[in-house]
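In: Any chance you could fold what I've pasted below:
(2 chains)
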2 protein chains.
Amino acid sequence: MQTIRTTPSRLAKRTYYDEATIHPILDEALFCTISYAVDGQPFSIPTAFARRGNTIYIHGSVGSHFIREIQKGRPVCMSVMLVDGLVLAKSAFSHSVNYRSVILFATAETVTDDTERMEALALLTDQLIPGRWADLRPTTASEMRKTTVLAFTISEASAKVRTGGPNDEPEDLDLPTWAGVVPMRTVRLAPEPAASSLDTPLPNYLQ
Amino acid sequence: MQTIRTTPSRLAKRTYYDEATIHPILDEALFCTISYAVDGQPFSIPTAFARRGNTIYIHGSVGSHFIREIQKGRPVCMSVMLVDGLVLAKSAFSHSVNYRSVILFATAETVTDDTERMEALALLTDQLIPGRWADLRPTTASEMRKTTVLAFTISEASAKVRTGGPNDEPEDLDLPTWAGVVPMRTVRLAPEPAASSLDTPLPNYLQ
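Out: Numbering: from 1, shown residues only, chains lettered A, B, ... in the order given. Below is the predicted model of the structure:
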């Protein structure tokens, strides 16, 4: 939804407010940065998250200072950035970055329903490693007691997206400098077994 | 420097306050998230940055709302996260992430010295693409007038680092589930020339 807070001062043409743009960015990202403020001092914490419908879940230890602060209902800002490439122009000034980012304003709701809490932990696990949850022993009641699950509703969010090559000034186009894009990706390398799993076959979802 | 604000409530053993840990994380990262608050509402913006000595530089348009707000001297929190791997344990509860993160509290100083401004832009350019600045035409006075350079002093910062395999509970170790680490890396793919550079050889610093 477009609000004063989600409307950028610049480059409005790169800004989107529709779920069809925002949700896939959230679904591709593994981590977000969550910010909150106490007496005007901002604090930012990187954390894992997962989306289901219009809800974003995070989790943490019941003893976490960060979790306890945002549980108080303090306004939070969540930001996500996927970097797709570095954009090299003929001038330093026209250099840019291809990226897809989301910014979202919300307040945390503590999830208390045991079924929803467990489903959120499954989503959070499978967001990082799709297929993992079904391969794990059930989470115990003791583990659940040590875990806080928080939910944010996606109601005030925007995405910014830049794609394509450099936008050089016409007078720079004939300079002999190379211009173009250096694509960037986050990749997963071959899994490395723990000592406890040296003889365990790699599960299909990791191959 | 360790202060109340840089001392985490949990996992203090993963926290570092020394330059030898903090500086290399800042130097490897390409982007940070900068947060500030207005009337208790936090805002988070991903941006490029570069370090020289004990100073961090960012830049932006003189018209940027974000830049103008933090220029007022509002307290900011800068956070950086490098993800090294996903840590798969025998239980969902013991899953973790190998990462190196930095959190830093500061206020922005507007850089006014023209030499320092130009040096900061060179650092920012070469942080993304080492060697690029020397290959570019000089930045013009008009471009400099459109650009704000801000500096932060690194005086209140901490790093958190997790490395290694899963820390499973002893009673879980004999479960048949595969456990280990899925390493993650950010990689650069082959550069893609712009239409203006189809016949331009790729410079050495991009090979």
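
In: Going by C-alpha atoms from here, please, whenever you check contacts or count neighbours.
Out: Noted.

In: quick one: the longest helix seen in chain A to chain centroid distance?
Out: Secondary structure of chain A per DSSP state H: the longest helix is helix A:114-128. A distance of 16 Å separates the C-alpha centroid of helix A:114-128 from that of its chain, computed with C-alpha atoms, centre = their mean, to the nearest Å.

In: likewise stretch A:162-181?
Out: On C-alpha atoms, centre = their mean, the centre of stretch A:162-181 falls 30 Å from the chain's centre.

In: Buried residues, it. List them.
Out: Of all the residues in stretch A:162-181, those buried under the rule 16 or more other C-alpha atoms under 10 Å in any protein chain shown are A:162, A:165-168, A:173, A:176-181.

In: and those residues, which of them are in strands?
Out: Within the buried residues of stretch A:162-181, residues falling in strands by DSSP state E are A:162, A:180-181.

In: now the strands: where do they sit in chain A?
Out: Secondary structure of chain A (DSSP E): strands at A:15-16, A:31-38, A:41-48, A:50-52, A:55-61, A:75-88, A:96-107, A:109-110, A:147-153, A:157-162, A:180-188, A:192-193.

In: any chance of the ones you listed in TSV, plus distance to chain B and mean pLDDT?
Out: Listed next are these as TSV, based on distance: least, C-alpha to the nearest C-alpha, whole Å; pLDDT from 0 to 100:
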stretch	distance to chain B	mean pLDDT
strand A:15-16	14	91
strand A:31-38	5	98
strand A:41-48	5	97
strand A:50-52	15	98
strand A:55-61	9	98
strand A:75-88	6	98
strand A:96-107	8	98
strand A:109-110	17	98
strand A:147-153	9	98
strand A:157-162	11	97
strand A:180-188	4	98
strand A:192-193	4	98
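
In: With adjacent residues omitted, what lies nearest to the residue of chain A most remote from its centre?
Out: Note on chain A: the largest C-alpha distance from the chain mean falls to A:D174, namely 39.4 Å (C-alpha atoms, centre = their mean). Closest residue to A:D174 apart from its sequence neighbours, by C-alpha to C-alpha, 6 or more residues apart in numbering or on different chains: B:S196 at 7.5 Å.

In: ok, now which ones touch that neighbour?
Out: A:173-174, A:179 (C-alpha atoms under 8 Å, 6 or more residues apart in numbering or on different chains).

In: any chance of those residues in CSV, plus pLDDT?
Out: Below are the contacts of B:S196 laid out as CSV (pLDDT from 0 to 100):
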residue, pLDDT
A:L173, 96
A:D174, 95
A:A179, 98
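
In: and the closest residue in space to A:S35 that isn't next to it in sequence, what does it touch?
Out: Counting by C-alpha to C-alpha, 6+ apart, A:S35 lies nearest to A:S44, which is 4.3 Å off, once chain neighbours are set aside. By C-alpha under 8 Å, 6+ apart, A:S44 lies in contact with A:33-36, B:35, B:77-79, B:103.

In: again with A:Y36
Out: Taking C-alpha under 8 Å, 6+ apart as the test, what A:Y36 contacts is A:42-44, A:70, A:74-77, B:37, B:40-42.

In: Would you agree A:G164 is in contact with A:S96?
Out: No - at 10.2 Å, A:G164 does not count as touching A:S96 under the criterion of C-alpha atoms under 8 Å.
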